[in-house]
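Peer 1: Next comes the sequence, and after it the predicted model I'd like to discuss.
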Amino acid sequence: MAYTDREDLNYLGQLFMIGANQTPFLNAIGGLSGGRTAQSFLFPVAQPWALNSASQPAITEAASAAAAAATTYTRGQDTNTVQIFKYDYAVSFAKQSTTGEIAGIAINGDQPVKDELAFQRMAQMRQMAVDVEYSFLQGTYQAATNASTAAKTRGLIAAISANAVAGGSAYLTKAMIQELLREMAANGAIFQNMAILCNAYQKQGLTDLYGYAPEDRNIGGVNVKQIETDFCMLAPMWAPYMPTTSVVIAEMSACAPVFCPYEGQIIADVPTAVTAAQKGGFIYSQIGLDYGPEEYHGKITDLLDA
């Protein structure tokens, strides 16, 4: 987008940001100031290992007295990558100085933006937050194998493979949620701090499934905020950037943002050199999602959304 100039008009009235700008998942796991740091783009999220299937040993006295072959338990490594987030802004000297020029209706009042450069910087920070939220939920993995390949962090939905239930283009049901919880229990989910991430449509579906409204002459409606299950309490979390056809049960204690700092800064606000009658800079950060063992999470996909 071009730099901001006097053709970008000022108006009277209170500022309101519209659109889906909430970032509940990012906020819950640390936001843009929490999490941990890494010294490279690639970073480990888990070192998984597993026991053998349970069985009853049948060892004779004679066998126990003899040497036996050793058993080795092997380990693996799951990884993800940070990716670059960069947002440029620039304002002409003329635009920065003409805060008194007003478009729109002419009434008594004062336009609220007195520092156009600060406003544009703030807007870019908010844009980065929603882009990080989207990437953490719906991101597809790509490693930066060279300088011409963009690194892309793996989002939570793409990370989950062990615990997955196909919705079969049907409405969300309790049976689907129960099946997913059974899968998660069988695969070692720890059920410490569980949230069920969903868009607006599926959030209403959860309320319809689990809500109960006692009769009252003055109050009606239900908003389910906790769901008791056999394994844990589930906290429904409305996340606008969740796909409309999916829900995710996430172990929030295993999730955190990872930053690869630039000169010690996890988010750098870098001013650009002034070589003409405009002033600006860019917001720069290298961020990825640490989701821990993917077996701690589960997903239901291919749900009906209308």
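Peer 2: Yep, it's here.
Peer 1: Would you mind listing where the stretch 1-150 of the chain has pLDDT under the threshold?
Peer 2: Within the stretch 1-150 of the chain, the ranges that satisfy pLDDT under 70 run 1, 106, 108.
Peer 1: next one: stretch 201-219 to chain centre, how far?
Peer 2: In this view, stretch 201-219 has its centroid 27 Å away from the chain centroid, taken as CA atoms, centre = their mean, to the nearest Å.
Peer 1: Stretch 227-237 too?
Peer 2: For stretch 227-237, the distance to the chain centre is 20 Å (CA atoms, centre = their mean).
Peer 1: Just the strands from the protein, written as ranges.
Peer 2: With DSSP state E, the ranges of strands along the chain come out as 36-37, 42-46, 78-81, 83-92, 164-170, 194-198, 227-228, 233-238, 247-251, 256-259, 268-271, 278-290, 298-303.
Peer 1: quick one, which of those strands is packed in tightest?
Peer 2: Greatest average neighbour count among the strands of the chain goes to strand 247-251 (a mean of 27), per mean count of other CB atoms under 10 Å. No exception for glycine: its C-beta is placed from N, CA and C like everyone else's.
Peer 1: From the chain's centroid, how far away is that strand?
Peer 2: Worked out by CA atoms, centre = their mean, strand 247-251 lies 11 Å from the chain centre.
Peer 1: quick revisit: reformat the strands of the chain into CSV and put distance to residue 146 next to each item.
Peer 2: Shown next, in CSV, are the strands of the chain (distance: least, CB to CB, whole Å):
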stretch, distance to residue 146
strand 36-37, 24
strand 42-46, 14
strand 78-81, 14
strand 83-92, 14
strand 164-170, 32
strand 194-198, 34
strand 227-228, 46
strand 233-238, 37
strand 247-251, 32
strand 256-259, 22
strand 268-271, 23
strand 278-290, 17
strand 298-303, 32
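Peer 1: Please identify which of those strands is closest to residue 24.
Peer 2: Nearest to residue 24 among the strands of the chain is strand 233-238; the distance by CB to CB comes to 5.4 Å.
Peer 1: Tell me where the stretch 101-250 of the chain has helices.
Peer 2: For the stretch 101-250 of the chain, applying DSSP state H, counting those that start in this stretch gives helices covering 116-138, 156-159, 174-186, 200-210.
Peer 1: Can you add distance to residue 76 and give the ones you listed back as a markdown table?
Peer 2: What follows is the helices of the stretch 101-250 of the chain, written out as a markdown table (distance: least, CB to CB, whole Å):
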| stretch | distance to residue 76 |
| --- | --- |
| helix 116-138 | 23 |
| helix 156-159 | 15 |
| helix 174-186 | 19 |
| helix 200-210 | 33 |
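Peer 1: Tell me which of these sits most buried.
Peer 2: Mean neighbour counts for the helices of the stretch 101-250 of the chain (mean count of other CB under 10 Å) peak at helix 156-159, with a mean of 20.
Peer 1: and it, what other elements does it pack with?
Peer 2: Packing contacts for helix 156-159, counted by 3 or more CB pairs under 8 Å, 6 or more residues apart in numbering; DSSP states H and E, involve helix 116-138, strand 247-251.
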